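# Return a 3D structure for these sequence lines:
(chains A and B)
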Amino acid sequence: GAVVSQHPSWVICKSGTSVKIECRSLDFQATTMFWYRQFPKQSLMLMATSNEGSKATYEQGVEKDKFLINHASLTLSTLTVTSAHPEDSSFYICSAVGLAGPFREGNEQFFGPGTRLTVL
Amino acid sequence: RKEVEQDPGPFNVPEGATVAFNCTYSNSASQSFFWYRQDCRKEPKLLMSVYSSGNEDGRFTAQLNRASQYISLLIRDSKLSDSATYLCVVNPPGSSASKIIFGSGTRLSIRP
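Next up, the predicted model:
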(Lines give C-alpha, C1' and ligand atoms only; values in the text may rest on other atoms or scores of the structure.)
Protein backbone atom coordinates (compact mmCIF):
# COMPACT_ATOMS: atom_id res chain seq x y z
CA GLY A 1 0.00 0.00 0.00
CA ALA A 2 0.79 3.72 0.09
CA VAL A 3 1.73 4.11 -3.57
CA VAL A 4 2.16 7.51 -5.18
CA SER A 5 2.46 7.90 -8.91
CA GLN A 6 3.60 10.80 -11.05
CA HIS A 7 2.99 11.49 -14.68
CA PRO A 8 4.87 12.03 -16.84
CA SER A 9 8.10 10.47 -15.63
CA TRP A 10 10.07 12.70 -17.92
CA VAL A 11 9.31 15.55 -20.30
CA ILE A 12 11.30 17.66 -22.73
CA CYS A 13 9.77 20.92 -23.85
CA LYS A 14 10.65 24.14 -25.60
CA SER A 15 11.28 27.33 -23.70
CA GLY A 16 8.07 29.29 -23.14
CA THR A 17 5.72 26.35 -23.02
CA SER A 18 3.79 25.15 -19.98
CA VAL A 19 4.12 21.70 -18.51
CA LYS A 20 1.65 19.96 -16.22
CA ILE A 21 2.78 17.24 -13.81
CA GLU A 22 0.29 15.00 -12.06
CA CYS A 23 0.69 13.41 -8.65
CA ARG A 24 -1.72 10.69 -7.59
CA SER A 25 -2.10 8.66 -4.42
CA LEU A 26 -3.22 5.28 -5.72
CA ASP A 27 -4.38 3.43 -2.65
CA PHE A 28 -5.02 6.06 -0.01
CA GLN A 29 -6.57 9.47 0.34
CA ALA A 30 -4.03 12.24 0.64
CA THR A 31 -5.02 15.16 2.80
CA THR A 32 -1.82 16.93 1.97
CA MET A 33 0.59 16.73 -0.91
CA PHE A 34 3.98 18.37 -1.13
CA TRP A 35 5.92 19.44 -4.19
CA TYR A 36 9.71 19.41 -4.20
CA ARG A 37 12.36 20.30 -6.71
CA GLN A 38 15.82 18.75 -6.85
CA PHE A 39 18.71 20.08 -8.93
CA PRO A 40 21.64 17.77 -9.73
CA LYS A 41 23.73 16.88 -6.69
CA GLN A 42 21.54 19.00 -4.46
CA SER A 43 18.90 18.13 -1.95
CA LEU A 44 15.15 18.25 -2.28
CA MET A 45 13.83 21.75 -1.84
CA LEU A 46 10.23 22.10 -0.73
CA MET A 47 8.33 24.29 -3.15
CA ALA A 48 4.80 24.23 -1.78
CA THR A 49 2.30 22.44 0.40
CA SER A 50 -0.97 21.52 -1.23
CA ASN A 51 -4.13 20.80 0.76
CA GLU A 52 -7.21 19.38 -0.89
CA GLY A 53 -9.78 22.06 -1.65
CA SER A 54 -7.67 25.03 -0.60
CA LYS A 55 -4.92 27.20 -1.99
CA ALA A 56 -1.39 25.92 -1.86
CA THR A 57 1.12 27.39 0.55
CA TYR A 58 4.32 28.33 -1.21
CA GLU A 59 7.78 28.44 0.32
CA GLN A 60 9.72 31.66 0.30
CA GLY A 61 11.24 32.40 -3.09
CA VAL A 62 8.87 30.16 -5.06
CA GLU A 63 6.74 32.10 -7.53
CA LYS A 64 3.12 31.08 -7.15
CA ASP A 65 2.19 32.47 -10.57
CA LYS A 66 4.88 30.42 -12.25
CA PHE A 67 4.26 27.16 -10.40
CA LEU A 68 0.52 26.64 -10.35
CA ILE A 69 -0.71 23.97 -7.97
CA ASN A 70 -4.16 22.47 -7.96
CA HIS A 71 -5.34 19.87 -5.47
CA ALA A 72 -8.87 19.18 -6.63
CA SER A 73 -9.38 15.80 -4.99
CA LEU A 74 -7.99 13.66 -2.21
CA THR A 75 -6.02 11.61 -4.70
CA LEU A 76 -4.74 14.12 -7.21
CA SER A 77 -2.57 17.22 -7.17
CA THR A 78 -1.12 18.90 -10.23
CA LEU A 79 1.85 21.22 -10.68
CA THR A 80 1.96 23.36 -13.79
CA VAL A 81 5.23 25.02 -14.68
CA THR A 82 4.14 28.00 -16.75
CA SER A 83 6.33 29.57 -19.43
CA ALA A 84 9.12 27.17 -18.64
CA HIS A 85 12.73 28.25 -19.15
CA PRO A 86 15.96 26.24 -19.16
CA GLU A 87 16.63 27.19 -15.52
CA ASP A 88 13.41 25.36 -14.59
CA SER A 89 14.96 22.10 -15.75
CA SER A 90 14.99 19.92 -12.68
CA PHE A 91 13.66 16.79 -10.99
CA TYR A 92 10.21 17.50 -9.59
CA ILE A 93 8.97 15.13 -6.89
CA CYS A 94 5.66 15.05 -5.08
CA SER A 95 4.80 13.37 -1.83
CA ALA A 96 1.55 12.59 -0.10
CA VAL A 97 0.40 12.23 3.47
CA GLY A 98 -2.66 10.10 4.10
CA LEU A 99 -5.72 10.14 6.26
CA ALA A 100 -5.03 6.59 7.33
CA GLY A 101 -3.17 3.62 6.05
CA PRO A 102 -0.28 1.28 6.59
CA PHE A 103 2.12 4.00 7.58
CA ARG A 104 5.10 3.11 9.67
CA GLU A 105 5.17 6.54 11.21
CA GLY A 106 2.42 9.05 11.75
CA ASN A 107 2.38 11.61 8.97
CA GLU A 108 4.92 9.66 6.96
CA GLN A 109 5.30 11.11 3.49
CA PHE A 110 5.24 8.79 0.51
CA PHE A 111 7.05 10.03 -2.52
CA GLY A 112 6.22 9.72 -6.15
CA PRO A 113 8.93 8.51 -8.53
CA GLY A 114 9.59 12.04 -9.76
CA THR A 115 9.34 13.85 -13.07
CA ARG A 116 12.46 14.92 -14.89
CA LEU A 117 11.84 18.16 -16.75
CA THR A 118 14.22 19.39 -19.42
CA VAL A 119 13.53 22.75 -21.00
CA LEU A 120 15.38 23.43 -24.23
CA ARG B 1 22.92 29.06 8.24
CA LYS B 2 21.11 26.13 6.64
CA GLU B 3 18.37 24.47 8.65
CA VAL B 4 19.92 21.05 8.15
CA GLU B 5 23.58 20.47 7.36
CA GLN B 6 25.37 17.30 6.36
CA ASP B 7 28.81 16.34 5.18
CA PRO B 8 28.26 15.67 1.47
CA GLY B 9 30.90 12.96 1.33
CA PRO B 10 31.41 10.86 -0.63
CA PHE B 11 32.22 8.15 1.86
CA ASN B 12 33.87 5.23 0.12
CA VAL B 13 34.20 2.20 2.39
CA PRO B 14 34.75 -1.54 1.88
CA GLU B 15 31.96 -4.02 2.22
CA GLY B 16 31.55 -5.11 5.83
CA ALA B 17 32.81 -1.86 7.28
CA THR B 18 31.00 0.29 9.79
CA VAL B 19 30.26 3.84 8.72
CA ALA B 20 28.68 6.76 10.51
CA PHE B 21 27.19 10.02 9.35
CA ASN B 22 26.34 13.11 11.33
CA CYS B 23 23.90 15.86 10.65
CA THR B 24 23.29 19.13 12.48
CA TYR B 25 20.11 21.16 12.64
CA SER B 26 19.84 24.84 13.40
CA ASN B 27 16.54 25.17 15.23
CA SER B 28 16.64 23.76 18.73
CA ALA B 29 12.85 23.56 18.83
CA SER B 30 12.68 21.01 16.00
CA GLN B 31 10.53 18.09 17.00
CA SER B 32 10.92 15.16 14.65
CA PHE B 33 13.92 13.73 12.89
CA PHE B 34 14.35 11.14 10.18
CA TRP B 35 16.86 9.50 7.92
CA TYR B 36 15.84 8.94 4.32
CA ARG B 37 17.70 7.08 1.63
CA GLN B 38 17.80 8.17 -1.99
CA ASP B 39 19.18 6.09 -4.82
CA CYS B 40 20.47 7.79 -7.93
CA ARG B 41 17.67 9.42 -9.95
CA LYS B 42 15.03 7.94 -7.67
CA GLU B 43 12.68 9.27 -5.04
CA PRO B 44 13.71 9.32 -1.35
CA LYS B 45 12.46 6.60 0.92
CA LEU B 46 12.12 6.64 4.67
CA LEU B 47 14.88 4.64 6.31
CA MET B 48 14.02 5.29 9.92
CA SER B 49 12.84 7.86 12.40
CA VAL B 50 15.21 9.12 15.06
CA TYR B 51 14.00 8.98 18.63
CA SER B 52 15.40 10.79 21.64
CA SER B 53 16.47 7.55 23.26
CA GLY B 54 18.16 6.30 20.10
CA ASN B 55 16.83 3.45 18.03
CA GLU B 56 18.02 0.53 16.02
CA ASP B 57 16.67 -1.24 12.96
CA GLY B 58 18.79 -4.19 12.01
CA ARG B 59 22.21 -2.91 10.95
CA PHE B 60 21.14 0.71 11.27
CA THR B 61 21.31 2.76 14.46
CA ALA B 62 20.09 6.32 14.75
CA GLN B 63 20.82 8.70 17.60
CA LEU B 64 19.74 12.17 18.55
CA ASN B 65 21.70 14.63 20.65
CA ARG B 66 19.40 17.54 21.41
CA ALA B 67 21.97 19.45 23.45
CA SER B 68 24.37 19.59 20.51
CA GLN B 69 21.61 19.55 17.89
CA TYR B 70 22.95 16.69 15.89
CA ILE B 71 21.65 13.42 14.58
CA SER B 72 23.71 10.42 13.63
CA LEU B 73 23.26 7.29 11.56
CA LEU B 74 25.46 4.26 12.02
CA ILE B 75 25.55 1.44 9.49
CA ARG B 76 27.18 -1.80 10.60
CA ASP B 77 28.39 -4.61 8.34
CA SER B 78 27.77 -2.49 5.26
CA LYS B 79 26.49 -4.15 2.09
CA LEU B 80 26.97 -3.18 -1.53
CA SER B 81 23.26 -2.38 -1.61
CA ASP B 82 23.76 0.30 1.04
CA SER B 83 25.36 2.53 -1.61
CA ALA B 84 23.07 5.54 -1.83
CA THR B 85 22.66 9.10 -0.64
CA TYR B 86 21.48 9.41 2.95
CA LEU B 87 19.32 12.40 3.72
CA CYS B 88 18.93 13.88 7.16
CA VAL B 89 15.42 15.24 7.57
CA VAL B 90 13.88 17.51 10.19
CA ASN B 91 10.35 18.60 10.95
CA PRO B 92 10.75 22.32 11.66
CA PRO B 93 8.90 23.89 14.59
CA GLY B 94 5.85 25.96 13.89
CA SER B 95 4.93 23.90 10.85
CA SER B 96 2.50 21.07 10.34
CA ALA B 97 3.57 17.68 11.59
CA SER B 98 3.97 16.60 7.97
CA LYS B 99 6.29 19.31 6.70
CA ILE B 100 9.91 18.23 6.51
CA ILE B 101 13.17 19.85 5.51
CA PHE B 102 15.90 17.83 3.83
CA GLY B 103 19.62 18.10 4.31
CA SER B 104 21.78 18.05 1.21
CA GLY B 105 22.60 14.41 1.73
CA THR B 106 25.69 12.30 2.32
CA ARG B 107 26.81 10.03 -0.49
CA LEU B 108 27.92 6.56 0.49
CA SER B 109 29.66 4.15 -1.82
CA ILE B 110 30.41 0.60 -0.69
CA ARG B 111 33.14 -1.16 -2.62
CA PRO B 112 33.56 -4.95 -2.89
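# Can you classify the closest residue to A:Met33 other than its chain neighbours as helix, strand or coil?
Once flanking residues are discounted, A:Met33 sits nearest to A:Ser77: 4.1 Å by C-beta to C-beta, 6 or more residues apart in numbering or on different chains. Backbone N, C-alpha and C define where each C-beta goes, glycine included. State at A:Ser77, reduced to three classes by DSSP: H, G, I helix; E, B strand; the rest coil: strand.
# isn't A:Ser77 right up against A:Cys23?
Yes - with contact defined as C-beta atoms under 8 Å, A:Ser77 reaches A:Cys23; the gap is 4.8 Å.
# which residues are in contact with both of the two?
A:33, A:35, A:94, A:96 (C-beta atoms under 8 Å, 6 or more residues apart in numbering or on different chains).
# From these, which land in strands?
A:33, A:35, A:94, A:96 (DSSP state E).
# Please check those and keep the buried ones.
A:33, A:35, A:94, A:96 (16 or more other C-beta atoms under 10 Å in any protein chain shown).
# Okay, now the unreliable bits of chain B?
For chain B, residues meeting the criterion pLDDT under 70 lie at B:97.
# interface residues of it facing chain A?
Applying C-beta under 8 Å from any C-beta of the partner chain, we find that chain B lies next to chain A at B:34, B:41-46, B:49, B:87, B:96-105.
# Name only those of those residues that count as buried.
Buried members of the residues of chain B next to chain A, counted by 16+ other C-beta under 10 Å: B:34, B:43-44, B:46, B:49, B:87, B:98-105.
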